[in-house]
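Undergrad: fold the following.
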Amino acid sequence: MAISLRGCDELLPREDWLRKLARSEATGMPLRIKLGLDPTAPDIHLGHTVVLNKLRQLQDLGHQVVFLIGDFTSMIGDPSGRNATRPPLNREQIEANAQTYYRQASLVLEPSKTEIRYNSEWSDPLGARGLIELASRYTVARMMERNDFHDRLEAGTPISVHEFLYPLMQGYDSVALRSDLELGGTDQKFNLLVGRHLQAEYGQEPQCILTMPLLEGLDGALKMSKSKNNYIGITEPANSMFAKLLSINDEMMWKYFTLLSLRSEADIAGLKAEVVGGRNPKDAKVMLAKELTARFHGTSAADAAEQDFQNRARGGVPDQIDERRLLGAPLAIGTVLKQAGLAPSTSEALRLVEQGGVRIDGSAVSDKALKLAAGTYVVQVGKRKFARVLLS
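TA: Next comes the predicted model:
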């Protein structure tokens with residue numbers, strides 16, 4: 001129970017979960033624990049791993065984890081947290097995204113102990129007749145209790161009928177899988193409760209639900225999201241992941257520890273007490289960055305990322321930087337920066353020079369009219385952008 005509750009927002013109903021755990025212990029039968037993710041984008045970021053971490057913790061206790069890829073529900077589009085209809089994805093987009101989802105999730109879960117399912121297995125055969133029968137088991141009044149739908153109705157914002165199908169189909173997944181516990185973010189609570197209702201309608205023991213907080217991104221304010229560009233992707237380079245983790249603020253660091261680290265709560269509490277007592281919070285942040293970077297890239301890569309970050313902090317050059325071959329020497333500095341991918345345009349490149357944000361071989365550049373002769377240069381923009389330019 002302590003592991004179930006760590007970092008969670010709600011566990012409902014807690015008494016039912018205790019009964020399920022006690023029965024599992026008495027019979028030796030593992031519980032079926034479900035997490036469904038719609039492959040709406042090709043990559044997973046650390047925000048997604050909050051629920052994956054919880055899944056892994058319960059998996060390590062011996063329970064049966066079911067990782068469900070919502071290839072069918074993706075075609076409907078989850079209305080959770082939306083103030084407008086979400087455009088549904090086509091089959092080609094879904095299949096392309098689904099190919100990478102489980103491979104990336106396997107960096108957190110134990111693949112040999114994970115049951116992989118696709119909800120098209122039972123949703124496609126359901127057909128029109130089955131869908132009508134399913135829809136008869138839930139009322140419009142209950143559906144309109146959902147905040148997303150209620151607010152849109154009050155505001156006069158259109159709600160498409162197909163959006164009502166999403167929570168029904170997600171709930172039906174729990175019936176098909178006979179799940180004992182379903183995990184999700186706090187924005188999924190309504191959908192998870194629909195699963196409980198439908199299981200009872202189909203004569204099954206209702207699942208419990210466990211919701212996890214939504215992880216704020218690098219800005220420390222908004223939910224981590226690729227669209228908001230405040231995310232840390234689990235497949236992005238080790239050096240980038242390490243540096244981004246060190247950029248989070250000190251207060252947010254402890255939430256990241258609770259939700260993302262595999263350290264015990266006692267270890268985290270001890271570390272926090274040391275920081276309160278005067279230890280540099282950066283020491284704790286380095287521990288977090290190394291742990292997470294090592295999980296997704298390996299210990300050696302995490303060590304190298306730490307060294308790379310230290311080099312940058314001292315004004316040094318990273319161990320690995322992109323190489324760009326440019327033609328046309330002598331070449332104006334603005335053109336060099338643009339063609340090397342260090343600035344989106346020549347005008348932006350010149351603005352960076354003017355602001356003192358450009359270095360060549362470690363020396364600041366202030367002359368916007370500078371032209372570079374043929375040769376090899378290490379060009380730096382800001383603190384993180386580097387390129388080795390071979391100009392001829």
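
Undergrad: quick check, pLDDT for residue 368.
TA: At residue 368 the predicted local confidence, pLDDT, stands at 88.

Undergrad: how distant is the helix-or-strand element of the chain with minimal mean pLDDT from the center of its chain?
TA: Here the helix or strand of the chain ranked lowest by mean pLDDT, DSSP states H and E is strand 363-364, holding a mean of 78. Averaged C-alpha coordinates place strand 363-364 at 38 Å from its chain's average position (CA atoms, centre = their mean, to the nearest Å).

Undergrad: and it, what does it pack against?
TA: Using 3 or more CB pairs under 8 Å, 6 or more residues apart in numbering; DSSP states H and E as the contact test, no helix or strand touches strand 363-364. Backbone N, C-alpha and C define where each C-beta goes, glycine included.

Undergrad: and the next helix or strand after it, how far from the chain's centre?
TA: Sequence-wise, the next helix or strand downstream of strand 363-364 (DSSP states H and E) is strand 371-372. Its chain's C-alpha centre and that of strand 371-372 lie 42 Å apart, by CA atoms, centre = their mean.

Undergrad: residues in contact with strand 371-372?
TA: Outside of strand 371-372, the residues within contact range by CB atoms under 8 Å, 6 or more residues apart in numbering are 329, 330, 331, 332, 333, 336, 360, 389, 391.

Undergrad: ok, 6 Å please
TA: 330, 331, 332, 336, 391 (CB atoms under 6 Å, 6 or more residues apart in numbering).

Undergrad: so which of the residues you listed are in strands?
TA: Per DSSP state E, strands hold the following members of those: 331, 332, 391.

Undergrad: bridged to the first one, which residues?
TA: Beta-bridge pairing for residue 331 (DSSP bridges): residue 372.

Undergrad: and for residue 72, the neighbour number?
TA: 21 (other CB atoms under 10 Å).

Undergrad: pLDDT score for the spatially closest residue to residue 5 that is not a sequence neighbour?
TA: Of all residues not flanking residue 5 in the chain, residue 11 sits nearest, at 6.2 Å (CB to CB, 6 or more residues apart in numbering). Model confidence at residue 11, given as pLDDT, is 97.

Undergrad: next SSE after the strand or helix carrying residue 11?
TA: Counting by DSSP H and E, the element that carries residue 11 is strand 10-12. Beyond strand 10-12 on the C-terminal side, the first helix or strand identified by DSSP H and E is helix 14-27.

Undergrad: list of residues touching that following helix?
TA: Under the contact criterion CB under 6 Å, 6+ apart, helix 14-27 has outside partners 11, 31, 180, 208.

Undergrad: in that helix, what's buried?
TA: Of all the residues in helix 14-27, those buried under the rule 16 or more other CB atoms under 10 Å are 16, 17, 20, 21, 24.

Undergrad: now those residues in CSV, with distance to residue 196 and pLDDT?
TA: Converted to CSV, those look like this (distance: CB to CB, whole Å; pLDDT from 0 to 100):
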residue, distance to residue 196, pLDDT
16, 9, 97
17, 12, 97
20, 13, 98
21, 17, 97
24, 19, 97
